[in-house]
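Pasting the sequence and the predicted model now:
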Number of protein chains: 2
Amino acid sequence: MDVEQFRKAGYAAIDRICDYYINLDSKPVSSSVQPGYLAPLLPKTAPEEGEDFQTIAADYESVIVPGLTHWQHPSFFAYFPTAATFEGILGDLYANAAPNPGFNWSCSPASTELEAVVMDWSAQLLGLSSVFHNAGGIGGGALQTTASDSALVAIVAARERLRALTEVPLEELLVYVTTQTHSLGLKAGRVLGLQVRALEVRAEDRYALSGTVLRQALEEDKAAGRRPFILIATVGSTSSGAVDNLPEITAVLQDHPEVWLHVDAAWAGLALCCPETREALFLDTINASVDSFCANFHKWGLVNFDASTLWVRDRKSLNEALDITPPFLRTAHGDAGTVVDYRNWHLGLGRRFRSLKFWFVLRGFGVEGFRKHIRQAITLNTTFVDLLADMEIFELVTPPSLALTVFRVVPPSHAQADLAALNALNAAFFARLAVRPDLAITQTVLNGVFCVRFAVGAARTTQAHVRAAFDVLVEEAHAAIALWEPTA
Amino acid sequence: MDVEQFRKAGYAAIDRICDYYINLDSKPVSSSVQPGYLAPLLPKTAPEEGEDFQTIAADYESVIVPGLTHWQHPSFFAYFPTAATFEGILGDLYANAAPNPGFNWSCSPASTELEAVVMDWSAQLLGLSSVFHNAGGIGGGALQTTASDSALVAIVAARERLRALTEVPLEELLVYVTTQTHSLGLKAGRVLGLQVRALEVRAEDRYALSGTVLRQALEEDKAAGRRPFILIATVGSTSSGAVDNLPEITAVLQDHPEVWLHVDAAWAGLALCCPETREALFLDTINASVDSFCANFHKWGLVNFDASTLWVRDRKSLNEALDITPPFLRTAHGDAGTVVDYRNWHLGLGRRFRSLKFWFVLRGFGVEGFRKHIRQAITLNTTFVDLLADMEIFELVTPPSLALTVFRVVPPSHAQADLAALNALNAAFFARLAVRPDLAITQTVLNGVFCVRFAVGAARTTQAHVRAAFDVLVEEAHAAIALWEPTA
């Protein structure tokens, strides 16, 4: 494809994206394709000769688009939102137009320097104190692909910080998560070959980790010769938006200073841009005491996937764990120590120029635009909670958290039904929702209770979409109840 | 930004990209900015109110572009190439327009299914046998971000395959690389907390690992109670394009079947699309015997960064090492086992829809287009080698490999100068090259010998660019020789 063919194909791509968003509201949220739908529609091998791009783009429309789940659809209430903004799309378009592998400063100075700047802008947006700013030279932040990567990086840094002080067999090391920590904790344990202990959380603590539980676990494990060296705490858990009790946790950890505290605020961390959320999300404790902090701007934060931010209090602990500099990667600036080489801030070597989309989004929306976006989702969730409260067949399983509500169906006539029976009802209710084309929603289990999650956050969701979704929930709840055979 | 503003900004972005490529040849290859150039040009914080996109795009041109290193410049001969094609740019543009986190099939069925298809297309392009195809259901392939990630994944799978058979303390485990393996091997050891042994390679073996060296190391280590469990072999090493002797290696490993053989062919693997390279790159042995194989299409393979391909002979060993399925990630299709959930093929959870750009590129170029691109770079490198051979001040340090030549300056009058003196001369020669605006080139060290690497592979490089680069090398070599004070 030559430059003029690209210009034509590029304009056409932009037009298709415009059409996509103009018509998004009228599409089904989820795809109706069945597993294995695609392979029979495509040749078994790549073509021998290149094909015309118009043919390729037409095939995109006819075979790929029908297989997409529309995460930006205004009626998408599943999992957590995945951001897509025009500013983010353009940022990645510019970055992809002249890609570089980004492993050191001289790969492309602008990539490294802009990352240092936007991480500081983002830190300030969320209210993170100057100890986490790159400009200070002691702590700092870097972009990672996802919260899983951020947690892996934190665990490696924590493990090496401990091993630099004392010889510890890897088999004795223990990663702490809670039963409500995202699966990234267990997966990191699998990847690193380390033991993971999931601390229990209680419904009466709103499924958040308390200091008491942590203290008891630390005492038990240390007495048994195990070496807990990191706790992955959560601000805004995936299942229910629970916020681990960071003030209690950090108080306990004062007696166990070798334990690194990583806070995974992948989703809820973005809400910190609004000052009114900061107390409930324990920002002061985060600033005073945590070793590392992660938020995913690609969730609720308007920056296209992937865009995970990781900040650390002490960059040395990170860089020392991850620095490898063979001859072919040496540069005059790197040797002189005058530049940041971001390869020493993440697991791999190469990295995409992701800071550009951050810069475009942060400038395009401004701090007030970010806050408006977050507040809008929280307001819409309040609407949803009010609607639930008016219908006696629904019950909140735990108090709503920001823009997330976890609830279940409990028919008032059978409020005393046993857990298994109510779980069966709610599983049937959810199964009906899962096949609806007009909304997307997901389930979870909280300490044995089957629940349905309603997460607001797509940029185009309005009151009307929330009300329409609620009507679907009512309809399917009644249908599920009518078919239900309660055992108690 | 609303849809019509996006249309306007999108067209303008496409126009800027066209201008960029129209004018690329006339730009300096590397940026002349100094460390710290950017922060003083930008505000300390994000703006309070959103800004107009035209202002943002203008700032991109005025402050970001001057800080870019142009990896797609036709006079870029450093490291290895980083691909950028119009087809790749458009593929990512479409994918980024409707992003999804891709962790399971229902996230967006098309993403998963297209990945399965393009990995099979890519496998066939490179001549990988059906044992590595997803369609077979036993082996298979998945996209990773970079070769570092691919190697990490292979090591984790290998470690768990061994640990499933026998209890082994992690401290006894040993990862084998060679002194010429990419730094990803040492870094993976750091990340996973495992010992790494770098096996020696010999100049007379063209810096490739031989069976003899491997057999001796295995016997030594096992006798000492260590447990080598994976060898990261290289087809086309970073420093010199060396190809480890896979037939000898696999013969040795027949006596050590617990050792996983991973082949990192990040750069040279792409050349396998040309049948004439397959014997020298040991394709038959790869098909018959290796456990995993990685090639980076974002290097020499026309797909925009990042685009690393990882194939495994036995997907079960991979999935069993990496599968974690909490309640909130369960789906009816996943439970039924009817779909691939790619989260169990990589380290994290979320993943970008990267298969789209593969599909666009494979279709846009076709198999013959790929071959033409690879052959063109090899031909250009042959031109370069011929030019070197005509100038008696240059010496090949090792035979050229595909599109890579490693050489140094050795003035005929001082052919017997000692190594330190010649290294000093070549370091001075390279220092002169490093500040030239009209080409980019990198250095390396091969068993103590300081050398300069010349890697061809940017899509726009022609004979004229190679000849112009050679003229610069001659000029700077003479200048360095004139200032040199040989010690012998």
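Thanks, I have it. Numbers count the residues shown, from 1 in each chain, chains lettered A, B, ... in the order given.

And for whatever residue of the stretch 251-400 of chain A ends up closest to chain B, nearest residue in space, chain neighbours not counted?
Evaluated by CB to the nearest CB, the stretch 251-400 of chain A has A:G348 as its residue closest to chain B, separated by 3.5 Å. (C-beta placed from N, C-alpha, C; glycine too.) Excluding its sequence neighbours, the residue lying closest to A:G348 (CB to CB, 6 or more residues apart in numbering or on different chains) is B:S148, at 3.5 Å.

How about A:G364?
A:E87 (3.7 Å).

Determine the number of other residues adjacent to the one you found.
A:E87 sits with 27 neighbouring residues when counted by other CB atoms under 10 Å in any protein chain shown.

Repeat that for the one 4 residues further on.
By other CB under 10 Å, 30 other residues sit near A:G91.

Ok, the one 4 residues further on next?
Using other CB under 10 Å as the criterion, A:A95 is surrounded by 25 other residues.

Confirm for me that it is in contact with A:R352.
Yes: counting by CB atoms under 8 Å, A:A95 touches A:R352, with 6.8 Å between them.

Could you grab the helix/strand/coil label for the single nearest residue of the stretch 101-250 of chain A relative to chain B?
For the stretch 101-250 of chain A, the residue closest to chain B is A:A110, as judged by CB to the nearest CB, at 3.0 Å. Following DSSP: H, G, I helix; E, B strand; the rest coil, the label given to A:A110 is helix.

quick one: contacts for the residue nearest to it when sequence neighbours are not counted?
Leaving aside its chain neighbours, A:A110 sits nearest to B:G67 (3.0 Å; criterion: CB to CB, 6+ apart). Taking CB atoms under 8 Å, 6 or more residues apart in numbering or on different chains, we find B:G67 in contact with A:108-111, A:113-114, B:31, B:33, B:37-38.

Tell me the one of those residues nearest A:F407?
Of all the contacts of B:G67, A:F407 sits closest to A:L114, with 42.5 Å by CB to CB.

shaky segments in the stretch 351-488 of chain A?
Applying pLDDT under 70 to the stretch 351-488 of chain A picks out residues A:487-488.

Close to chain B: what parts of it are there?
A:352, A:356, A:359-360, A:362-369, A:431, A:434, A:442-445, A:453 (CB under 8 Å from any CB of the partner chain).

again, only this time at 7 Å
Selection of the stretch 351-488 of chain A residues close to chain B by CB under 7 Å from any CB of the partner chain yields A:352, A:360, A:362-369, A:442, A:444-445.

Show me which of the residues you listed are buried.
A:352, A:360, A:362-367, A:369, A:442, A:444-445 (16 or more other CB atoms under 10 Å in any protein chain shown).

and the two most separated of those residues?
Checking those with CB to CB, the most distant pair is A:R363 and A:V445, at 41.5 Å.

quick one: buried residues of stretch A:423-434?
A:423-426, A:428-430, A:432-434.

want to try a markdown table for the contacts of B:G67, with pLDDT as columns?
Output for those, formatted as a markdown table (pLDDT from 0 to 100):
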| residue | pLDDT |
| --- | --- |
| A:S108 | 92 |
| A:P109 | 95 |
| A:A110 | 96 |
| A:S111 | 96 |
| A:E113 | 96 |
| A:L114 | 97 |
| B:S31 | 93 |
| B:V33 | 95 |
| B:Y37 | 96 |
| B:L38 | 97 |
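
Out of these, which comes closest to A:A266?
Taking the contacts of B:G67 together and measuring to A:A266 by CB to CB, the closest member is A:L114, at 22.8 Å.

and the gap between that closest one and B:T145?
According to CB to CB, to the nearest Å, A:L114 and B:T145 sit 20 Å apart.

between these two, who's got more neighbours?
B:T145 (29 against 25).

Contacts for stretch A:387-394, please.
Under the criterion CB atoms under 7 Å, 6 or more residues apart in numbering or on different chains, residues A:396, A:405, A:407, A:409, A:411-412, A:470, A:474, A:477, A:481 lie in contact with stretch A:387-394.

correction: stretch A:17-30
So stretch A:17-30 is contacted by A:69-70, A:72-76, A:437-440, B:3, B:6-7, B:97-98 (CB under 7 Å, 6+ apart).

end-to-end on stretch A:282-300?
19 Å (CA to CA, to the nearest Å).

And it, what's buried?
A:282-283, A:285-287, A:289-300.

Equivalent analysis for stretch A:119-133, please.
Applying 16+ other CB under 10 Å to stretch A:119-133 flags A:119-129, A:131-133 as buried.

Among the residues you listed, which one lies nearest to B:A417?
The nearest one, if we look at the buried residues of stretch A:119-133 relative to B:A417 and count by CB to CB, is A:M119, at 48.3 Å.

Please verify my assumption that the closest one contacts A:G141.
Yes: look at A:M119 against A:G141 with CB atoms under 7 Å: they come within range, at 3.6 Å.
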